[in-house]
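Novice: Got a predicted model here, sequence first, then my questions.
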Amino acid sequence: MELERYNQPNHKRHRFITKLLVFLAFLFVISLILFTSLHSDFSFTGNVIQSDPNNSFSISSETGIPELSLNGDYSQITLSGLKDSDIILGDKIISLNNVEDQLILYDFSGKISINKNSLNILEGKASKIVMNGAPLTNKNNKKLALSLPSPTNYNSLVFKESVIIPSIDFVTSGNVVLDGDNLALNKENLVIKGFSGNFKITENKLFLDGLVSRVDIVGKTKTISISK
């Protein structure tokens with residue numbers, strides 16, 4: 001009986017701690033629900049939030065190529081026309097000699113920097129690389145590291161899935177269609193904010209097709225600002 005009286009306070013303390021933990025967990029869940037309801041753009045996954053259709057409008061454009069840097073995770077990237085350039089794959093250097101040479105990068109994570117004339121930075125890792133139809137993988141199933149030792153020419157750069165670009169700002173000529181309205185550009189400053197959609201560079205042109213939150217066009221004869 002003495003032993004039972006000695007253990008009784010410990011038993012009560014254990015029940016108190018259990019109730020306290022349950023109460024704190026309840027408060028955490030309630031706080032989380034309130035937070036996500038007030039911040040609808042919050043993401044648990046850590047992925048970049050895409051353009052909100054309610055606060056954006058469509059864009060389809062064919063313009064010149066800006067100076068642009070991208071950094072992220074991409075399911076598939078296709079590069080072609082890397083003539084007379086070297087690619088570093090792991091600890092090996094592979095030379096590309098033909099304009100028809102093509103690289104397909106799967107599950108690429110890293111940096112890409114381009115301008116009108118060259119691919120300046122290609123640095124990251126990919127789960128698989130297909131070079132001119134021949135697949136290259138790492139024996140230990142780890143991602144392959146790749147990079148460019150120096151800037152190189154390229155003919156095309158195509159992303160299979162949507163690309164998210166916070167801002168594009170450059171002087172260009174071409175055509176831009178915004179929510180069905182066509183605008184012709186002639187060496188005018190084009191600023192695109194919050195782009196999410198298809199991105200393709202080919203034939204020395206940039207093609208965009210997706211959603212944007214804001215577009216500004218500043219030229220000698222007109223200034224246009226469109227947002228929602």
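Specialist: It's in.
Novice: show me the contacts for residue 224.
Specialist: 183, 215, 216, 217 (Cβ atoms under 8 Å, 6 or more residues apart in numbering). For every residue, glycine as well, the C-beta is placed using N, CA and C.
Novice: can you check residue 218 too?
Specialist: Taking Cβ under 8 Å, 6+ apart, we find residue 218 in contact with 188, 189, 191.
Novice: related to what we said a few turns ago, which members of the contacts of residue 224 are classed as buried?
Specialist: For the contacts of residue 224, a burial check counting by 16 or more other Cβ atoms under 10 Å picks out 183, 215, 217.
Novice: Would you list the buried entries among the contacts of residue 218?
Specialist: residue 188.
Novice: okay, the contacts of residue 218 in a markdown table with distance to residue 113 next?
Specialist: Compiled in a markdown table, the contacts of residue 218 are given as follows (distance: Cβ to Cβ, whole Å):
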| residue | distance to residue 113 |
| --- | --- |
| 188 | 24 |
| 189 | 21 |
| 191 | 19 |
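Novice: Which residue ranges of this structure form helices?
Specialist: Remark: helices assigned in the chain by DSSP state H are 2-38.
Novice: What ranges in it fall below the confidence cut-off?
Specialist: Low-confidence segments of the chain (pLDDT under 70): 1-54, 98-99, 221.
Novice: okay, now the domains of it?
Specialist: Structural domains annotated on the chain: 1-42, 53-63+162-227, 68-159, as defined by automatic domain parsing.
Novice: measure the last one end to end?
Specialist: With Cα to Cα, to the nearest Å applied, domain 68-159 spans 14 Å between its terminal residues.
Novice: now stretch 62-71
Specialist: From its first residue to its last, stretch 62-71 covers 23 Å (Cα to Cα).
Novice: I appreciate the help and will end here.
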